[in-house]
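Visitor: Here is my input, please return the structure:
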Amino acid sequence: MAIDDAPLRGLIFLTIVLAIAAAGLIRIFAWSYIRNLLASGWSVSQGRVEFGNVVEQRVRYFSYFVATVHYSYSVSNEYYSGAFQRVFLRENSADRFVAAMKDQMIFIRSKPSRPDRSALLKEDQPGGWPA
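Guide: Residues are numbered from 1 along each chain as shown. Predicted structure coming up:
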């Protein structure tokens, strides 16, 4: 008599899917942390959030939402643009974040030797991120 190992295969598959999702989230958060550390010594200039969007990311049984805000700023009378991404577990939270950021004046960090490289840091914003 053969033993049905379908439940075990399902459990292994679910574990692999969840591990891949966790690795993706860790990658996003780790890159954000590293970028913030590097950018903390860059020049600060004022910018403005132009627009934003929210995209759902699905991993089998799990979804998360990436809010992206696009901003513009100037350095030495040259105009540049950049984007900032933040991960949310609920779509309405991501939508609220994008709506609250739209048209806001913000502070941007830009690399002195490459002003087209920029970062938006929470600690530079008066009052932090909108709730």
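Visitor: Give the phi and psi angles for Phe97, as a check.
Guide: Here the main-chain torsion angles of Phe97 (degrees, to the nearest 10) amount to phi -60, psi -50.
Visitor: Can you get me a residue count around Leu8?
Guide: A count of neighbours around Leu8, defined by other Cβ atoms under 10 Å, yields 10. All C-beta spots, glycine's among them, are computed from the backbone N, C-alpha and C.
Visitor: and it, what element?
Guide: Secondary structure from DSSP states H and E places Leu8 in helix 6-39.
Visitor: so after that helix, what's the next helix or strand?
Guide: Once helix 6-39 ends, the next helix or strand along the chain (criterion: DSSP H and E) is strand 43-59.
Visitor: in its sheet, what does the helix or strand following that following strand sit against?
Guide: Going down the chain from strand 43-59, the next helix or strand is strand 62-75, by DSSP H and E. Next to strand 62-75 in the sheet, as set by DSSP bridges, lie strand 43-59 (antiparallel), strand 78-88 (antiparallel).
Visitor: hang on, Ala21 packs against Phe62?
Guide: Yes: Ala21 is within contact range of Phe62, at 5.1 Å (criterion: Cβ atoms under 8 Å).
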